[in-house]
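**Student:** Provided below are the primary sequence and the corresponding predicted coordinates.
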Amino acid sequence: MNAWGISMLVLVGTSALTALILHLASAGFWRVGKRLTMISQDEMIAGQGAGQLERNNRFPLFSSMLERVGRYNALERLLGRAGLNWRPDEFMAAWTVAALTLATGGWLLLGPLAAAAGIILAFAGGWMTLIALQNRRLRQFENQLPDALMLIASSLRSGYGLLRAIQAIRDEMRPPISVEFAKVLDETAVGLGVPEALARLLQRVPLPDLDIAVTAILIQLDVGGNLAEVIEIVAATVRERQRIRGEVDTLTAEGRISGIILFILPIVMAFVIMFLNPSYMSTLFKTSIGHLLILGAAVLQIIGGLLIKRMLELNF
């Protein structure tokens, strides 16, 4: 069997293994245990919390590595914000399998440099995908927030309590905001106070608009007053902020599209030339100078992409 046949077998096998891991990771039988662990995490002593995490993990090697570098909880929060029902060890296992898949295929087809590039591409692509999913979910939550606040205000004016108003969000609105407020209800149902549950909501969804709303609710719970009126004012403020952000996004759309094209165009052209004239591009992969040129091009691409992103960022 030639190298192409071996490569295809390796790719198919590792892809099937990745699919199996992802299927197991997306299974729902551990979600209740995970949620109860998160709720009771603040009340458990450190030794008991570590033992619980260790008992629930399917890949102890990856769990111990993440715990050793202190990134287990951070990755767990990131996965939750991205809306992925995976444990950190499961995500790392799938991530590693994907990296090995690209590395093996690159080694068999183009050599060790392509294998190293495949590993870098897999880990960088996985991280960027996770960040993109998180940002998309946060943006969806942010767009739903004004309607949710108005629903809370309407429920309060109708004579319902705050928890009943939050229940209306859970029952009548779509994810992700319904899912996050359902977690608030679940946490209060097991004994957590409303302020603590809202604070945990803000940790899971770190949005400035939500911070304004939660702060207003907590202040009104402490000092009293017309909570419905305050929430209506907060909802109007959030809508105005989103309107201004939308106008700025419209004005910077051309720059964002130009940045994406400038970032992708050299990569696409490199693959096109490699396909049309492999001997012309082979010098980059077979000589030390070519390796340095590839490394320099990759570094410049990353720096240019970060600069364009920084120029177009909007933080207010």
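**Tutor:** Alright, I've got the coordinates.
**Student:** any idea how far stretch 198-212 is from the chain center?
**Tutor:** Distance of stretch 198-212 from its chain centroid, counting by C-alpha atoms, centre = their mean, to the nearest Å, is 16 Å.
**Student:** and the strands in the protein, which stretches?
**Tutor:** Read by DSSP state E, the chain holds no strands at all.
**Student:** gap between residue 255 and residue 304?
**Tutor:** 13 Å (C-beta to C-beta, to the nearest Å). Bear in mind the C-beta positions are built from the backbone N, C-alpha and C, glycine included.
**Student:** so, low pLDDT: which residues of the stretch 101-250 of the chain?
**Tutor:** 110-111, 113 (pLDDT under 70).
**Student:** spell out the residue ranges of the helices in it.
**Tutor:** 112-157, 162-172, 177-189, 194-204, 208-223, 227-251 (DSSP state H, counting those that start in this stretch).
**Student:** straight-line length of stretch 59-77, end to end?
**Tutor:** The stretch stretch 59-77 measures 18 Å between its terminal residues, going by C-alpha to C-alpha, to the nearest Å.
**Student:** I'd like the average pLDDT over that stretch.
**Tutor:** In this model, stretch 59-77 has an average pLDDT of 79.
**Student:** for it, buried residues please.
**Tutor:** 59, 62, 63, 66, 67, 72, 75, 76, 77 (16 or more other C-beta atoms under 10 Å).
**Student:** narrow those residues to those in helices?
**Tutor:** Applying DSSP state H to those, the entries found in helices are 62, 63, 66, 67, 72, 75, 76, 77.
**Student:** could you dump those into JSON lines with distance to residue 202 added?
**Tutor:** Shown next, in JSON lines, are those (distance: C-beta to C-beta, whole Å):
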{"residue": "62", "distance to residue 202": "29"}
{"residue": "63", "distance to residue 202": "27"}
{"residue": "66", "distance to residue 202": "24"}
{"residue": "67", "distance to residue 202": "25"}
{"residue": "72", "distance to residue 202": "21"}
{"residue": "75", "distance to residue 202": "19"}
{"residue": "76", "distance to residue 202": "17"}
{"residue": "77", "distance to residue 202": "12"}
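**Student:** out of those residues, who's nearest residue 269?
**Tutor:** residue 75 (35.3 Å; C-beta to C-beta).
**Student:** quick check: closest non-adjacent residue to that closest one.
**Tutor:** residue 88 (4.2 Å; C-beta to C-beta, 6 or more residues apart in numbering).
**Student:** now that neighbour: how far from residue 201?
**Tutor:** 21 Å.
**Student:** tell me which of those two has more neighbours.
**Tutor:** residue 88 (24 against 18; other C-beta atoms under 10 Å).
**Student:** am I right that that one is in contact with residue 70?
**Tutor:** No. Contact criterion C-beta atoms under 8 Å: residue 88 and residue 70 do not qualify, at 12.0 Å.
**Student:** domain map for this structure?
**Tutor:** 1-109, 143-251, 252-316 (automatic domain parsing).
**Student:** pull the distance from the shortest one to the chain's centre.
**Tutor:** Yep, that's domain 252-316 we're talking about. That offset, for domain 252-316, works out to 24 Å (C-alpha atoms, centre = their mean).
**Student:** circling back: looking at the helices of the stretch 101-250 of the chain, spot the one closest to residue 266.
**Tutor:** Across these, closest to residue 266 is helix 112-157 (C-beta to C-beta), at 14.8 Å.
**Student:** compute the inter-axis angle for that closest one and helix 162-172.
**Tutor:** 120 degrees (axes from the mean of the first three to the mean of the last three C-alpha atoms, to 10 degrees).
**Student:** how far does helix 112-157 sit from its chain's centre?
**Tutor:** 4 Å.
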